[in-house]
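Engineer: Got a predicted structure here, sequence first:
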Amino acid sequence: MSAASNGPLPATFNRLAWSNLGAQSAEQIALSAAPIVAVLMLGVGEGETGLLQTALTLPFVLIAIPAGLLADRISRRRLMAGAESLRAAALLTILLLISLHWLTLPLLAVLGFIAVCGTVVYSVAAPALVPSLVPPQALPAANARIELARTVAFASGPALGGVLVGWLGAAPAFAVAAALSVIAVFLLAGLYEPPRAAAPRRHPLHEVREGAAFVMQHSLLRPVFITQFIFNTGSFLLLAIFVPYAIHHLALSAAGVGIALAMYGVGMVIGALLATRVMQRISFGTVIGLGPVTGFAASAIMALTTFIPAAPLAGLSFFLLGVGPILWVISTTTLRQSVTPPSLLGRVSAINILSYGARPLGSALGAIIGGLYGAEACLYLAAAIFAAQALVILMSPAVALARQPEMVGECV
């Protein structure tokens, strides 16, 4: 059996895929519009926008585990629809406050936090729902479709949000985001989710420990989590210092910086488009190893710009940082779905989201090391961090997998 299916994906899954595109696009438009609105409409400074960004990232740490518990206890479709409705309500409230001229930074931060809580719940429950909608051999293709929607939203959403705010004002940007969120809810409403056996009611801490123990004791999932945590640290260290480094060392204009960063999104889209074919032609474990190795290559090329300050090298680095790791996301998501009992999928997905907690760590390293030793030292440190994450996965049994593992059942 091939690792991916060439046939069409089920209509039920396609509703999820389109809903995911709407939800991801709504998220990216709103996330990009919020700081612009804070600066242009509310007149806040850098410190206050930093606090706003903190409010918009906290749900990934605070909400992921509760979302995983709920995803394993109740209908995942209903949970996603409820979370997306919550996001739509928050965005519509922001729209109302803008129209009444009542919007303040604290209200924007609170409503943005609520909206991102919806994002986290949706992101935790969706990977847990996919295996019940498609046959096992179609999981790579299904996950590629989900990631393609995310990458398209990631690449186009910020630009669209900025254009909407710049050309039409704040209200239309949030109106478009809210409309996309409402569409995502309606698509979920018509989605059929196969029934699951009722989960036994136990203490939440016991269920959290059960999910964490499953990941940390699993010979395949543990190195994947560690690799992802280290990768997020290195990538956000690099991103934290790239703009001033590119302007001062590479002599890039604002447009040049934008083009270099855009190569990241281009790489993600191309990787997602090619993922199914790649996974059909090379071994499953090799695909898992490609992302971390490509990430290390990207960091090494960026470090090379300290000796050869060429803008095309920076663009190539960001392209590789997009194309390889998206293959990682698709292949490791398929791995988690294959080796995790269905009743644990929500919690295991939530623990994967917790690896995003390394992002503030990477940004903090960039601020500290960059301030003390300069951007060049940060690039060398990033290359060392990326080397470590590649080493972790290459020494794991995951890269030796010839094919996608067989789907596991419930533990008895």
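Structural biologist: Looks like it arrived, so ask away.
Engineer: per-residue confidence for the closest residue to Val61 other than its chain neighbours?
Structural biologist: Nearest non-adjacent residue to Val61, counting by C-beta to C-beta, 6 or more residues apart in numbering: Gly357, 5.1 Å away. For glycine as for every other residue, the C-beta is placed from the backbone atoms N, C-alpha and C. Turning to Gly357, the model gives it a pLDDT of 70.
Engineer: Could you pull up phi and psi at His101?
Structural biologist: phi 60, psi 40 (degrees, to the nearest 10).
Engineer: ok, now Arg196?
Structural biologist: phi -120, psi 150.
Engineer: measure the residue lying closest to it once chain neighbours are set aside to Phe284 for me?
Structural biologist: Leaving aside its sequence neighbours, Arg196 sits nearest to Pro342 (C-beta to C-beta, 6+ apart; 6.8 Å). Distance, Pro342 to Phe284, by C-beta to C-beta, to the nearest Å: 21 Å.
Engineer: out of those two, which sits in the more crowded spot?
Structural biologist: A direct count of neighbours by other C-beta atoms under 10 Å for Pro342 and Phe284 places Phe284 higher, at 21 against 17.
Engineer: What residues does that one make contact with?
Structural biologist: Counting by C-beta atoms under 8 Å, 6 or more residues apart in numbering, Phe284 touches Ala3, Ser331, Leu335, Leu401, Ala402, Arg403, Gln404.
Engineer: what number of residues lie near the second one?
Structural biologist: The number of residues packed around Ser331, counting by other C-beta under 10 Å, is 28.
Engineer: Now it: which helix or strand?
Structural biologist: Per DSSP states H and E, Ser331 falls inside helix 311-339.
Engineer: Now do that helix, average pLDDT.
Structural biologist: Average pLDDT, helix 311-339: 92.
Engineer: That helix: what's the following helix or strand?
Structural biologist: Downstream of helix 311-339 (by DSSP H and E), the next one is helix 345-354.
Engineer: Give me the angle between that following helix and helix 311-339.
Structural biologist: 160 degrees (axes from the mean of the first three to the mean of the last three C-alpha atoms, to 10 degrees).
Engineer: about what we covered before: now do the buried residues in the helix holding Ser331.
Structural biologist: By neighbour count with 16 or more other C-beta atoms under 10 Å, helix 311-339 contains the buried residues 311, 313-339.
Engineer: likewise stretch 147-161?
Structural biologist: 147-155, 157-158, 160-161.
Engineer: Return the distance of that stretch from the chain's centre.
Structural biologist: Centroid separation for stretch 147-161 versus its chain: 11 Å, with C-alpha atoms, centre = their mean, to the nearest Å.
Engineer: Same check on stretch 396-412?
Structural biologist: 23 Å.
Engineer: Can you point out the buried residues in it?
Structural biologist: Of all the residues in stretch 396-412, those buried under the rule 16+ other C-beta under 10 Å are Ser396, Ala398, Val399, Leu401, Gln404, Met407.
Engineer: Alpha carbons of that stretch, as CSV, please.
Structural biologist: The C-alpha coordinates for stretch 396-412 follow below in CSV (Å, rounded to 0.1, in the frame of the first residue of the first chain):
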residue,chain,number,x,y,z
SER,A,396,16.0,8.5,16.3
PRO,A,397,14.2,5.3,15.0
ALA,A,398,11.7,7.6,13.1
VAL,A,399,14.1,8.1,10.2
ALA,A,400,14.4,4.4,9.7
LEU,A,401,10.7,3.9,8.9
ALA,A,402,10.2,2.5,5.5
ARG,A,403,6.5,3.4,5.3
GLN,A,404,3.7,5.0,7.2
PRO,A,405,3.0,2.9,10.4
GLU,A,406,-0.2,0.9,10.6
MET,A,407,-3.0,2.6,12.4
VAL,A,408,-3.2,1.5,16.1
GLY,A,409,-6.4,0.8,17.9
GLU,A,410,-7.4,1.6,21.5
CYS,A,411,-5.2,0.4,24.3
VAL,A,412,-6.9,-2.3,26.3
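Engineer: what about it, average pLDDT?
Structural biologist: The average pLDDT for stretch 396-412 rounds to 82.
Engineer: gap between Leu148 and Thr276?
Structural biologist: For Leu148, the distance to Thr276 equals 10 Å [C-beta to C-beta].
Engineer: Please list all residues in contact with Leu129.
Structural biologist: By C-beta under 8 Å, 6+ apart, the contact set of Leu129 is Leu16, Arg76, Arg77, Met80, Glu193.
Engineer: Same question for Leu111.
Structural biologist: Leu111 is in contact with Ala90, Leu91, Thr93, Ile94, Leu97, counting by C-beta under 8 Å, 6+ apart.
Engineer: and if we set it to 6 Å?
Structural biologist: Ala90, Thr93, Ile94 (C-beta atoms under 6 Å, 6 or more residues apart in numbering).
Engineer: can you check Leu42 too?
Structural biologist: Leu105 are the contacts of Leu42 under C-beta under 6 Å, 6+ apart.
Engineer: now Ala388
Structural biologist: By C-beta under 6 Å, 6+ apart, the contact list for Ala388 reads Ile230.
Engineer: Which secondary structure element is home to it?
Structural biologist: For Ala388, the element it lies in under DSSP H and E is helix 375-394.
Engineer: Can you tell me which of the contacts of Leu129 is closest to Ile36?
Structural biologist: Lowest distance from Ile36 to the contacts of Leu129 (C-beta to C-beta) belongs to Met80, with 28.1 Å.
Engineer: What is the helix or strand that contains that closest one packed up against?
Structural biologist: Using DSSP H and E, Met80 falls within helix 76-100. Other elements packing on helix 76-100 under the criterion 3 or more C-beta pairs under 6 Å, 6 or more residues apart in numbering; DSSP states H and E are helix 105-129, helix 170-189.
Engineer: Quick one: distance of that helix to the chain centre.
Structural biologist: Put simply, helix 76-100 sits 20 Å off its chain's centre (C-alpha atoms, centre = their mean).
Engineer: Mind listing what's buried along that helix?
Structural biologist: Residues of helix 76-100 classed as buried: 76-77, 79-95, 97-98 (neighbour count, 16+ other C-beta under 10 Å).
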